[in-house]
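Undergrad: Sharing a sequence plus its predicted fold:
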Amino acid sequence: MKVAVVILNWNGKALLEQFLPTVIEHTPDYAEVIVADNASSDDSISFLKEHFSSIRLIQNIKNFGFAQGYNEALAQIDAEYFVLINSDVEVTQGWIEGIIDFMDTHLNIAACQPKILSFKNKNMFEYAGAAGGFIDKLGYPFCRGRLFQSLEADNNQYNDIKEIFWATGACMFVRASHFNEMGGFDNDFFAHMEEIDLCWRLKNKGYSIFYYPFSTVFHVGGATLDKMSPQKTYLNFRNNLSLIYKNMTGRKLRITLFIRCILDLVAAVSFLSSGGFKHMNAVFRAYVSFYQKRKLLHAKRIKIEQKPVSCIYQKSIVKSYYLNKFRSFSLLSESDFSK
């Protein structure tokens, strides 16, 4: 098939009931909608069989998380393009066609994302992806339209087709051949930042990642794991360290990890001062896990050809945000991004 639209579900019956009909309605004839279930314990399966019996259903044997959950499902799908979309996303008319046409005519593009706006406040960008993902020299991810917790209103300021560093897993269009070439997501990430790791590996292979603004979706966010969850803090810190270790060029890696250790310690202390002992502990657990798995990460690293790649902010986004008080992406100088 041309396009497989794959929704990974885990105990999301209410979300499927709310958003799946719109996905089906706005999906063109050359695409198939597929639900991959991560061994849900609610009545998701019976609901799908009763109300969406024509939808292909892939049932994973357990909750593999986002990374392996998708890897297990996509290995069973033969398509030119995979469209990975969260179960809490509302799509709009034409959300697929423009991106597929764009990727069809630009064969070096491995992955692409649409404009991601907030479902709860539809004139605001959404945290997970916004108008395309970037990363700074120390490995901190951010987006056009979202720096840390500062979200921008969508005033058409990011209505340009633009190369980015990473495309969000909330709604990612990826060429299946390139996804498979990379071996898919890293299973060990479980959830969070696996798409950044994948995009960095794709860029290390010489492929491009793009943002396409003429396709818009609305994302609820935090539907599976709330952003205030200590487990999410743990996964974000651990996986961020892992993707840096795997993908960053050798001459920058050691000093970057040293600086990150200091900055992450500051972050942990700030969690404690705000009453978040569990979040502080999550940061320390992330570091313990990272260093325990260094040999495994090294084995993965030596299989990747690390090289200088485009769209890395050559300054510290932490300094730009907290010291320089930059609250919007447009205040960052374009000349400070690697070409």
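TA: Received it, and whenever you're ready, just let me know what you need. Predicted, not measured: the structure shown is a model, and the values here were computed from it.

Undergrad: CA atoms for contacts and neighbours, from now on please.
TA: OK.

Undergrad: Identify all contacting residues around the longest strand along the chain.
TA: The single longest strand within the chain, with elements called by DSSP state E, is strand 208-219. Applying C-alpha atoms under 8 Å, 6 or more residues apart in numbering, the contact partners of strand 208-219 are 88-92, 94-96, 98-99, 108-119, 122, 126, 131-132, 158-167, 170, 199, 202-203.

Undergrad: Ok, stretch 64-84 next?
TA: 1-8, 36, 38, 58, 60, 63, 169-177, 184-192, 194.

Undergrad: Okay, and which of those residues map to strands?
TA: Per DSSP E, the contacts of stretch 64-84 map to strands at 3-8, 36, 58, 171-175.

Undergrad: ok, F326 - contacts?
TA: By C-alpha under 8 Å, 6+ apart, the neighbours of F326 are 320, 332.

Undergrad: can you rerun that using 7 Å?
TA: S320 (C-alpha atoms under 7 Å, 6 or more residues apart in numbering).

Undergrad: looking at this, it is in a strand?
TA: No: assessed with DSSP: H, G, I helix; E, B strand; the rest coil, F326 is coil; it does not lie in a strand.

Undergrad: how about the helices of the protein, start to end?
TA: Assigned by DSSP state H, the chain shows helices spanning 13-25, 44-51, 65-74, 97-104, 176-181, 194-204, 230-247, 250-273, 277-292, 294-301, 317-322.

Undergrad: and among these, the most buried is which?
TA: helix 194-204 (a mean of 23; mean count of other C-alpha atoms under 10 Å).

Undergrad: taking the mean pLDDT, what do you get for that helix?
TA: Averaged across helix 194-204, pLDDT comes to 98.

Undergrad: repeat for stretch 308-320
TA: 97.

Undergrad: Below-threshold pLDDT in the stretch 101-250 of the chain: ranges please.
TA: 222-227 (pLDDT under 70).

Undergrad: how far away is D136 from S330?
TA: According to C-alpha to C-alpha, to the nearest Å, D136 and S330 sit 15 Å apart.

Undergrad: Comparing these two, which residue is more hemmed in?
TA: D136 (20 against 12; other C-alpha atoms under 10 Å).

Undergrad: what's stretch 332-339 in contact with?
TA: Contacts for stretch 332-339 (C-alpha under 7 Å, 6+ apart): 309-315.

Undergrad: Could you list the buried residues of that stretch?
TA: 332, 337 (16 or more other C-alpha atoms under 10 Å).

Undergrad: Can you dump the C-alpha atoms of it in CSV for me?
TA: Output of stretch 332-339 as CSV, limited to C-alpha atoms (Å, rounded to 0.1, in the frame of the first residue of the first chain):
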residue,chain,number,x,y,z
LEU,A,332,17.0,32.9,18.2
SER,A,333,19.3,33.9,15.4
GLU,A,334,19.2,31.7,12.3
SER,A,335,23.0,32.1,11.9
ASP,A,336,23.4,30.2,15.2
PHE,A,337,22.0,26.9,13.7
SER,A,338,24.3,24.5,11.9
LYS,A,339,23.8,24.2,8.2
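
Undergrad: Next, the buried residues of stretch 50-67.
TA: 57-60, 63-67.

Undergrad: sorry, back to before: which of the contacts of stretch 332-339 are buried?
TA: Applying 16+ other C-alpha under 10 Å to those flags 309-313 as buried.

Undergrad: Tabulate the residues you listed (JSON lines), appending distance to E25.
TA: Formatted as JSON lines, the buried ones among the contacts of stretch 332-339 follow (distance: C-alpha to C-alpha, whole Å):
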{"residue": "V309", "distance to E25": "38"}
{"residue": "S310", "distance to E25": "37"}
{"residue": "C311", "distance to E25": "35"}
{"residue": "I312", "distance to E25": "37"}
{"residue": "Y313", "distance to E25": "39"}
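
Undergrad: which residue sits closest to T27, ignoring its sequence neighbours?
TA: Closest residue to T27 in three dimensions, ignoring its sequence neighbours and counting by C-alpha to C-alpha, 6 or more residues apart in numbering: I96, at 6.9 Å.
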